[in-house]
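Q: no sequence on this one, just coordinates:
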C-alpha cells in the first residue's frame, strides 16, 4: 500500500522535468542527485519498515525499485527514441546528426557523430549526453520497432524484479 502511495503521489514530483535536468553523473557525486536519492531512500525505509542505515541497494532490490538516476536515464533514452522515430518536433529532429558507419569492429556498426567539439558543457547537454549514451546501446536495443519494445529492453537491463514479501500479493 505504501509502495503505491509513494509511486502515485511522491515519485511523479521527483520525475517532473527530469529529461531536462538529468546530468551524466555515473558516480553520483552531484549534490542535487544525492538529495533526490535521499528522498527515495527515506520512502523505501517507510515502505519496508527498515531502520535507517539499511543498505539502499538491498532495499531497492527488495522493492523492485530502480535508482532515480536510472529512471532519468531511461526517460531520456525513450524521449530520444520517439524523437528519432517520429521526426517530431521538427526543430528538435533537425538537431540530430545522421549516423555514420564505423569501419572497425565494434558492437555497433553505426553510431551518431555529433560533429561539434565535445566539451564538458556539450556532453552535459541533452544532445551531447543522449547521443553518447545511444552509441553505447547494443544494436539489438537500438533497432527496436516500437517504444514499448525499446523501453522493455532497457527496463530488463536496469530494473530489479519486485519480490513478494511473505507471499502476500499487492492488490
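A: That came through, no problem. Keep in mind the model is a prediction, meaning the values are calculated, not measured.
Q: all contacts plus neighbour counts: C-alpha atoms, from now on.
A: OK.
Q: low pLDDT regions in the protein?
A: For the chain, applying pLDDT under 70 flags the ranges 98, 100-118, 164-171.
Q: What segments of it are strands?
A: Using DSSP state E, the strands of the chain run over residues 99-101, 110-112.
Q: Leaving out chain neighbours, which residue sits closest to residue 127?
A: In space, and not counting its chain neighbours, residue 127 is closest to residue 96: 7.8 Å by Cα to Cα, 6 or more residues apart in numbering.
Q: Residue 41 versus that neighbour, what's the distance?
A: Computed as Cα to Cα, to the nearest Å, the residue 96 to residue 41 distance reads 36 Å.
Q: more neighbours, those two?
A: Taking neighbours as other Cα atoms under 10 Å, residue 96 and residue 41 compare with residue 41 leading, 20 against 17.
Q: show me what contacts that one?
A: Counting by Cα atoms under 8 Å, 6 or more residues apart in numbering, residue 41 makes contact with residue 56.
Q: before we move on, what about residue 92?
A: For residue 92, the contact set (Cα under 8 Å, 6+ apart) comprises residue 83.
Q: in stretch 131-149, what counts as buried?
A: Of the residues in stretch 131-149, 131, 134-135, 137 count as buried by neighbour count, 16 or more other Cα atoms under 10 Å.
Q: what about it, start to end distance?
A: Using Cα to Cα, the distance between the terminal residues of stretch 131-149 is 20 Å.
Q: For it, what is the distance to the chain centroid?
A: 13 Å (Cα atoms, centre = their mean, to the nearest Å).
Q: With stretch 90-100 instead?
A: Distance, stretch centre to chain centre, for stretch 90-100: 21 Å (Cα atoms, centre = their mean).
Q: what's the answer for stretch 139-159, then?
A: That offset, for stretch 139-159, works out to 12 Å (Cα atoms, centre = their mean).
Q: Look up how far residue 83 lies from residue 94.
A: Noted for residue 94: a distance of 10 Å to residue 83, by Cα to Cα.
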